[in-house]
Structure formats: structure tokens, C-alpha cells
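1. how would this look folded up:
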Amino acid sequence: MVWALGGTLLGSPLAATETEETSRSASVATARRLMGDRYAEEGAFSKAVAEYAAAARLDPGDARTHNNWGFCHFSFGHIAPAIRHYRLAVELDPDYAVAHNNLGCAHCQRGELAEAEKCFRLAIRLEGDYVKARVNLAATLARRGRYLAAYREYRKARRVDSAYVDERADPAKVRQRLQEELRKNPSNREAQRVLRQLNQMFPPSSVAVAVPLRSPQVLAGKGGEDQ
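-> Below you'll find the predicted structure:
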């Protein structure tokens with residue numbers, strides 16, 4: 001039996017109210033989730049999963065727990081359970097941009113590019129300066145053959161964090177597709193304009209590291225850290 005501390009008589013037990021018990025469970029759940037975050041950051045995903053499972057039993061309505069639990073499954077390559085937990089996270093908190101981004105990454109991993117695009121766009125609507133989601137959207141558009149749209153998204157992301165985008169963009173593929181389009185239709189002014197801008201942003205002699213998808217974020221919160 002659990003008793004609340006206090007009382008007018010020393011040693012007189014007072015039954016805890018439902019609110020007190022709920023608050024205590026939530027506090028313990030938060031502690032278990034934070035421990036899971038620590039394990040996840042260290043790459044100890046099995047231990048992290050155990051902590052998230054315990055946290056979810058205590059507080060099943062915590063979206064951050066399910067997002068971070070999904071991240072661990074994603075890291076193991078277990079995409080189906082990752083999607084299940086990411087979906088739970090966005091159902092519990094529809095404004096959770098990080099979880100929408102992560103759900104998009106999981107859909108991309110399964111080749112479900114249309115669903116991934118929806119997730120990334122929703123994450124961006126929720127958080128306009130979410131560079132990681134915009135880079136993921138650009139990469140997804142490129143995989144779908146929409147290179148001009150991909151370039152526009154890279155450019156928008158670069159306005160916010162040019163170093164991040166330059167490290168992850170793959171302008172060579174976009175440039176190649178634009179050049180192919182101009183060989184077919186030399187009068188395509190939009191392709192000409194975009195190619196000029198692309199060459200200014202990423203000179204042909206420069207080397208860019210292609211990282212088509214950003215790994216899902218493990219720590220919750222807008223603008224939070226990511227794994």
C-alpha cells in the first residue's frame with residue numbers, strides 16, 4: 001500500500017490521491033525516459049529500449065518516449081516497429097515536428113516516398129526553420145525525380161544553415177539532371193536559371209558529401225538535439 005507523506009498526527013497514514021499518484025508515475029516515467037536518452041546517445045540501444053518500455057508503462061501518453069523508442073528501432077533497422085512508435089508519438093502530440101520528421105525517415109527507408117514527403121512537409125509547416133526536415137524533403141524530392149523542387153528546398157534550407165546543407169547536399173545529381181533537361185529543351189529558362197544559381201551555390205569543382213537522409217532525432221522538443 002502506498003501512503004502520502006504528512007498528516008496532522010505523527011505516523012498517521014493518508015491515502016494518496018489519484019492526482020498525486022499520477023504525478024508520481026509521470027515523474028518516474030520522465031526519469032526512465034531520460035535514462036533511455038542517455039543510453040541511446042551512447043549507442044546502447046538495447047538498454048535504451050528497456051528504459052523506454054518502462055517509461056511507457058508508467059506514462060503511456062508521453063509522445064517523446066514513443067519518438068525516442070522508435071529511434072532505437074530505426075537504429076536497429078527494425079522499420080515496422082519504428083513507424084509504429086513514431087505514429088503513436090504524432091497521434092499523442094500532432095504538433096511534434098521531430099516525430100513527423102522521423103516518421104518520414106522511416107517511410108523513406110521502406111521506399112514509401114510519397115508518405116515520407118507528406119511527413120517532411122508537415123514537420124516544416126509546424127516548424128518553418130526545421131533545416132533537417134527540409135533537407136530530408138529535398139532528398140526525397142530528388143529520389144522522386146523532382147530535381148528543380150529539390151533544389152528549391154535545398155536553397156531554402158541553406159538560408160537558415162548553409163554549413164549543414166553544404167555538408168549534406170548532393171548538387172552533382174541535380175546539376176546532371178538539369179543539364180539533361182537543357183539538352184532536350186535548350187530554351188527551358190527555369191532550368192537555365194536554376195543551373196546558374198546551383199553553380200554559384202555549389203561550384204562544379206567543389207566536392208559535397210551526399211547524405212540523402214538525416215538520421216531521426218532522438219531527443220524530443222523543437223530544435224532539440226539529434227542522434
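2. Can you name the residues that contact residue 130?
-> Contact partners of residue 130, counting by CB atoms under 8 Å, 6 or more residues apart in numbering, are 97, 101, 123, 124, 222. For the C-beta atoms, the positions are set from N, CA and C on the backbone; glycine is no exception.
3. If you could redo that for residue 113, that was the one I meant.
-> 107, 140, 143, 144.
4. could I get these as JSON lines with pLDDT and distance to residue 36?
-> As requested, the contacts of residue 113 are exported to JSON lines (pLDDT from 0 to 100; distance: CB to CB, whole Å):
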{"residue": "107", "pLDDT": "96", "distance to residue 36": "24"}
{"residue": "140", "pLDDT": "93", "distance to residue 36": "29"}
{"residue": "143", "pLDDT": "86", "distance to residue 36": "32"}
{"residue": "144", "pLDDT": "87", "distance to residue 36": "35"}
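5. Next, give phi and psi for residue 62.
-> Here is the backbone geometry of residue 62 (degrees, to the nearest 10): phi -90, psi 110.
6. what about it, how many neighbours?
-> 22 (other CB atoms under 10 Å).
7. so it makes contact with residue 92?
-> Yes. In this structure, residue 62 is within contact of residue 92 by CB atoms under 8 Å, at 7.4 Å.
8. And stretch 44-58, what's buried?
-> For stretch 44-58, burial by neighbour count (16 or more other CB atoms under 10 Å) applies to 45, 47, 48, 49, 50, 51, 52, 54, 55, 56, 58.
9. Low-confidence ranges, the protein, go.
-> Scanning the chain with the threshold set as pLDDT under 70 gives 1-25, 169-171, 173, 204-227.
10. can you give me the helices in it?
-> 18-41, 45-58, 63-76, 79-92, 97-109, 113-126, 131-143, 147-160, 162-168, 171-184, 189-201 (DSSP state H).
11. returning to what we had before: can you put the buried residues of stretch 44-58 in a markdown table and add distance to residue 115?
-> Output for the buried residues of stretch 44-58, formatted as a markdown table (distance: CB to CB, whole Å):
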| residue | distance to residue 115 |
| --- | --- |
| 45 | 25 |
| 47 | 31 |
| 48 | 26 |
| 49 | 25 |
| 50 | 30 |
| 51 | 29 |
| 52 | 24 |
| 54 | 31 |
| 55 | 28 |
| 56 | 24 |
| 58 | 31 |
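12. Can you tell me which of those is closest to residue 199?
-> residue 45 (42.1 Å; CB to CB).
13. Grab the nearest non-local neighbour of that closest one.
-> residue 72 (4.4 Å; CB to CB, 6 or more residues apart in numbering).
14. didn't residue 68 look like it was pressed against residue 40?
-> Yes. Between residue 68 and residue 40 there is a contact under CB under 8 Å: 6.3 Å.
15. Just want to know which of the two has more residues nearby.
-> Taking neighbours as other CB under 10 Å, residue 68 and residue 40 compare with residue 68 leading, 31 against 23.
16. wait, residue 106 sits on residue 81?
-> No. Counting by CB under 8 Å, residue 106 stays clear of residue 81, with 9.7 Å between them.
17. more neighbours, these two?
-> residue 106 (28 against 16).
18. what's the spacing between the more buried one and residue 86?
-> Distance, residue 106 to residue 86, by CB to CB, to the nearest Å: 6 Å.
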